[in-house]
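Enquirer: missing the sequence, but the structure's below:
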Ligand SMILES: Nc1ncnc2c1ncn2[C@@H]1O[C@H](COP(=O)(O)OP(=O)(O)O)[C@@H](O)[C@H]1O
Ligand SMILES: Cc1ncc(COP(=O)(O)OP(=O)(O)O)c(N)n1
């Protein structure tokens, strides 16, 4: 078995890199949402296109409001970049409302993103910020379950999101597995139940379940907990790394091995910001000597 590399291959100077699309909300504090995606994508060496779904008013202490984008404008952003620039994979983050979920789902279906299409779709089912501020209307949960999750190549809820979506309270490995199965039953090809919020544990175990080869594949991917209060954007960063690796053609389990290494390294480098929680930090990639330009 070959080892999953810690970094993705990069394109030589002047060559078009692998492209991805993030369909997500803006975080004015720069730590989560589109901003987390963009900085991780850039530092992983992929070109990221963007479909903005909402503009949040957010800092390190929470989200005080947001303005959702008109659903046809969200759909048009997706169509404009996919039909011109082309992408190897896409991810969804904050989608704010049922109307945006449905616009995203029907546009992705038209363009072969997720479902049985050729372009993998990572669904990070963002429902609320880490402070509990809502980022998805409560009446949009049915469409999340019935329309978006069935298009997901992989769905990546945290424990709060899994409880809202499946009703299962994950407290240990058994309930984590039951929750992953419930997500597959909703129609996702793969389900990753993240253990970042299993606060009782000194580990951070994520459980992946899905269809691989002849039967079902299960992978528990674990890391010692990093002792940091600065984990804002961890879920976005993990999903962005999964998306980049899938765009490079990795299998879902290998993409997860890469992504877990990436987010763990970003948690080690996380820094304080403002009065609340600071962000996970992919800027470790630019530390060190600047390489010669010629
Ligand atoms: N303190 C931590 N130490 C190690 N890994 C962590 C820590 N917090 C989160 N993770 C990992 O980061 C990823 C994102 O998880 P999580 O924080 O649960 O997502 P979200 O940001 O969506 O709430 C998962 O792989 C999780 O296991
Ligand atoms: C605009 C926006 N999108 C997503 C989130 C949530 O980010 P996530 O990485 O799930 O993590 P938390 O830091 O909130 O746990 C957000 N806050 N804003």
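Expert: That came through fine. Since we're looking at a predicted model, the values are computed, not measured. Ligands and ions are numbered 1, 2, ... in the order given.

Enquirer: name the SS class of residue 21, please.
Expert: Following DSSP: H, G, I helix; E, B strand; the rest coil, we place residue 21 in the strand state.

Enquirer: can you get me a residue count around it?
Expert: Neighbour count for residue 21, taken as other CB atoms under 10 Å: 30. (C-beta placed from N, C-alpha, C; glycine too.)

Enquirer: cool, residue 249 as well?
Expert: By the criterion of other CB under 10 Å, residue 249 has 12 neighbours.

Enquirer: identify the residues contacting the closest residue to it other than its chain neighbours.
Expert: Spatial nearest neighbour of residue 249, chain neighbours left out: residue 88 (7.6 Å); criterion: CB to CB, 6 or more residues apart in numbering. With contact set as CB atoms under 8 Å, 6 or more residues apart in numbering, residue 88 has these partners: 18-20, 119-120, 246-249.

Enquirer: separation between the residue of the stretch 51-200 of the chain found nearest ligand 2 and residue 242?
Expert: The stretch 51-200 of the chain approaches ligand 2 most closely through residue 130 (3.3 Å), counting by CB to the nearest ligand atom. The gap separating residue 130 from residue 242 is 20 Å, by CB to CB, to the nearest Å.

Enquirer: what residues does the chain put near ligand 2?
Expert: The chain comes close to ligand 2 at residues 24-27, 32-33, 56, 58, 93-94, 126, 129-130, 135, 232-236, as judged by CB under 6 Å from any ligand atom.

Enquirer: repeat that with 5 Å
Expert: With CB under 5 Å from any ligand atom as the criterion, the chain meets ligand 2 at residues 25, 27, 32-33, 56, 93-94, 126, 129-130, 232-233, 235-236.

Enquirer: what's the local residue count around residue 3?
Expert: Residues lying near residue 3 (other CB under 10 Å) number 7.

Enquirer: for ligand 1, see how far away it is.
Expert: Going from residue 3 to ligand 1 by CB to the nearest ligand atom, to the nearest Å gives 19 Å.

Enquirer: which SS class is that residue?
Expert: coil.

Enquirer: quick revisit: could you measure from the residue nearest to residue 249 over to ligand 1?
Expert: 22 Å.

Enquirer: what pLDDT does that residue get?
Expert: The predicted structure scores residue 88 at 98 on the pLDDT scale.

Enquirer: cool, the one 3 residues further on as well?
Expert: With respect to pLDDT, residue 91 has a value of 98.

Enquirer: equivalent analysis for residue 130, please.
Expert: 89.

Enquirer: phi and psi next, for it.
Expert: phi -60, psi -20 (degrees, to the nearest 10).

Enquirer: okay, now it: neighbour count?
Expert: Using other CB under 10 Å, residue 130 is surrounded by 19 other residues.

Enquirer: so it makes contact with residue 276?
Expert: No: Residue 130 lies out of contact with residue 276 (CB atoms under 8 Å); the separation is 9.1 Å.

Enquirer: what residues are shared contacts of these two?
Expert: residue 232.

Enquirer: would residue 149 count as being in a helix?
Expert: Yes: applying three-state DSSP, one finds residue 149 inside a helix.

Enquirer: so what's the residue of the chain found nearest ligand 2 closest to, chain neighbours aside?
Expert: With CB to the nearest ligand atom, the shortest gap between the chain and ligand 2 falls at residue 33, namely 2.8 Å. Excluding the flanking residues, the one nearest residue 33 by CB to CB, 6+ apart is residue 27, at 3.9 Å.

Enquirer: isn't that neighbour right up against residue 55?
Expert: No: contact criterion CB under 8 Å: residue 27 and residue 55 do not qualify, at 9.4 Å.

Enquirer: show me which of those two is the more surrounded one.
Expert: residue 27 (28 against 17).

Enquirer: which parts of whichever strand or helix holds residue 259 are buried?
Expert: In this structure, residue 259 sits in helix 252-268 according to DSSP states H and E. Residues of helix 252-268 classed as buried by neighbour count (16 or more other CB atoms under 10 Å): 252-267.

Enquirer: now the strands for the stretch 151-294 of the chain?
Expert: Assigned by DSSP state E, counting those that start in this stretch, the stretch 151-294 of the chain shows strands spanning 154-155, 190-193, 206-212, 215-221.

Enquirer: contacts for the third one next, please.
Expert: What it means is strand 206-212. Contacting residues not belonging to strand 206-212 are listed as 154, 173, 176-177, 180-181, 183-184, 188-196, 216-222, 251-253, 256, 260 [CB under 8 Å, 6+ apart].
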